[in-house]
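> compute the structure for the input listed below.
(2 chains)
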Amino acid sequence: MSSAPKPRPRYYDLNLAHLPPPGLVSIFHRVTGFLLFFPVLPALLYLLQATLGSEQGYSRWRDFFAQGGVKLVLLGFIWLYAHHFWAGIRYLLLDVHWGIDKAPARASANAVLALGVITTLLIGWRLW
Amino acid sequence: MKRYTKNPVGAHYGLGDWLLQRLTAVVMALYTIGFAACLLMGPPSTYADWKALFAGNFVRLATMFFFAALLYHAWVGMRDIVMDYVKPTGIRLGLQTIIGGALFFQLIWAASILWGAR
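You can find the predicted model right below:
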């Protein structure tokens, strides 16, 4: 007779400010992934179609994205991609058992959070 | 430590999607790095440049491969989100149908953008 399965550990403190860095990376990975599915993906396809479709479409959207406020919003969307990218690389490394101990996992999570912001700032610097 | 002993390239055991999510991620990461390098080295400044960038078969195929990887990756990710938060079978099936349908539509859309309007 096998005994009942041990109850799984549960973590109820979902306050983002209390989450350890790997937890933050994880929930941001999920949220950014969802937002990349919608609205970023259809918007990206629409823009590709409009800018490749005609000269007018190209210049209209180029002028649109030349505005300072629009660039700022665009940077927010770029962060979504940048964070998802770096967090994904970290998960691939964890999959091959690279840095799975507590200390390196925490360090790499901090690195991911920083790299997401740094990449966004670098692209922002190129955009201005 | 108990090791997972099932062969990832054998029958699926639910590992297929997990593995493909990683493979598609690698495809997208490589494309992202390549495309970013391309934009950094010669930023397209005119419509003709922009159009020429996607006119070559290599970039066109690579971009299509990227979108195909992205759409499959998004399917696995969105399905995981739905499975985590939506428990009633009917609603889950409905949402997954909408998500899968939307992704399939966008796959066709991407192909028509890259090949249709030449």
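> so how many other residues sit close to B:I81?
Look at B:I81: counted by other C-beta atoms under 10 Å in any protein chain shown, it has 17 neighbours. In this view, the C-beta of every residue, glycine as well, is placed from N, C-alpha and C.
> so it is in contact with A:R30, correct?
Yes: counting by C-beta atoms under 8 Å, A:R30 is a contact partner of B:I81 at 6.6 Å.
> got a pLDDT number for whatever residue of chain B ends up closest to chain A?
Of the residues in chain B, the one nearest chain A is B:Y47, at a distance of 4.2 Å by C-beta to the nearest C-beta. The score at B:Y47 is 95. That number is its pLDDT.
> ramachandran angles for the residue nearest the centre of chain B?
Centroid check for chain B by C-alpha atoms, centre = their mean gives B:L70 as the closest residue, at 1.3 Å. In terms of degrees, to the nearest 10, the main-chain angles of B:L70 are phi -60, psi -40.
> neighbours of the closest residue to it other than its chain neighbours, how many?
Distances taken as C-beta to C-beta, 6 or more residues apart in numbering or on different chains put B:M28 closest to B:L70, at 5.8 Å, once the chain neighbours are dropped. When counting by other C-beta under 10 Å, one arrives at 20 neighbours for B:M28.
> same question for A:A109.
There are 20 residues near A:A109, going by other C-beta under 10 Å.
> now it: closest residue in space that isn't a chain neighbour?
Nearest non-adjacent residue to A:A109, counting by C-beta to C-beta, 6+ apart: A:P21, 3.7 Å away.
> so that neighbour makes contact with A:L113?
Yes: contact criterion C-beta under 8 Å: A:P21 and A:L113 qualify, at 6.4 Å.
> name the SS class of A:R90, please.
Secondary structure, DSSP: H, G, I helix; E, B strand; the rest coil: A:R90 is helix.
> ok, back up a step: who's in contact with the residue of chain B closest to chain A?
Taking C-beta atoms under 8 Å, 6 or more residues apart in numbering or on different chains, we find B:Y47 in contact with A:T51, A:E55, A:Y58, A:S59.
> which element follows whichever strand or helix holds B:W18 toward the C-terminus?
In this assignment (DSSP states H and E), B:W18 forms part of helix B:15-41. Using DSSP H and E, the helix or strand that follows helix B:15-41 in sequence is helix B:47-53.
> show me which residues of chain A are close to chain B?
Residues of chain A found near chain B (C-beta under 8 Å from any C-beta of the partner chain) are A:30, A:33-34, A:36-37, A:41-42, A:45, A:48-49, A:51-53, A:55, A:58-59, A:81, A:85, A:88-89, A:92, A:95, A:126.
> counting neighbours, what do you get for the residue nearest to B:R92 when sequence neighbours are not counted?
Excluding its sequence neighbours, the residue lying closest to B:R92 (C-beta to C-beta, 6+ apart) is B:V86, at 4.7 Å. The number of residues packed near B:V86 is 15, by other C-beta under 10 Å.
> likewise for B:A37?
So B:A37, with other C-beta under 10 Å, has 10 neighbours.
> please tell me how far it sits from B:Y31.
Remark: distance between B:A37 and B:Y31 (C-beta to C-beta, to the nearest Å) = 11 Å.
> over to A:D101?
For A:D101, the distance to B:Y31 - C-beta to C-beta - is 32 Å.
> thanks a lot, see you next time.
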